[in-house]
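1. only geometry, no sequence info:
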């Protein structure tokens, strides 16, 4: 669903792309590249401004993704632009996904 959300932003015009890109980069910092790997359409929005994540261990990669994902969601959910997440089929989720 996030990939589709970023595709909508990508097709919304330069101003919205710039605002979204700026907010996401400020929120996630050097971890934006981690999200771009998981959400290719986000990579198109933030373009060359994101660094390719360095290779790290599994635990560190999980922590980095958690931080980046939570920061991304916080930057997307604002009083003027609320975000609603509908979580379906949670019985099939793995422990890591539930933690996130």
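-> That came through, no problem. No experiment lies behind these values; they were computed from the predicted model shown.

2. separation between the closest residue to residue 76 other than its chain neighbours and residue 58?
-> Excluding the flanking residues, the one nearest residue 76 by C-beta to C-beta, 6 or more residues apart in numbering is residue 83, at 5.2 Å. In this view, the C-beta of every residue, glycine as well, is placed from N, C-alpha and C. Distance of residue 83 to residue 58, computed by C-beta to C-beta, to the nearest Å: 29 Å.

3. Compare those two (neighbour count), which wins?
-> Between residue 83 and residue 58, residue 83 has the larger neighbour count (other C-beta atoms under 10 Å), namely 11 against 7.

4. Tell me the buried residues in the longest helix along the chain?
-> When the chain is parsed with DSSP state H, its longest helix is helix 58-76. By 16 or more other C-beta atoms under 10 Å, the buried positions in helix 58-76 come out as 64, 65, 68, 69, 71, 72, 75, 76.

5. Quick one: low-confidence residue ranges for this protein.
-> 48-53 (pLDDT under 70).

6. coming back round to it: just put the buried residues of helix 58-76 in JSON lines and tack on distance to residue 32.
-> JSON lines is the format used below for these (distance: C-beta to C-beta, whole Å):
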{"residue": "64", "distance to residue 32": "11"}
{"residue": "65", "distance to residue 32": "12"}
{"residue": "68", "distance to residue 32": "7"}
{"residue": "69", "distance to residue 32": "11"}
{"residue": "71", "distance to residue 32": "9"}
{"residue": "72", "distance to residue 32": "8"}
{"residue": "75", "distance to residue 32": "11"}
{"residue": "76", "distance to residue 32": "13"}
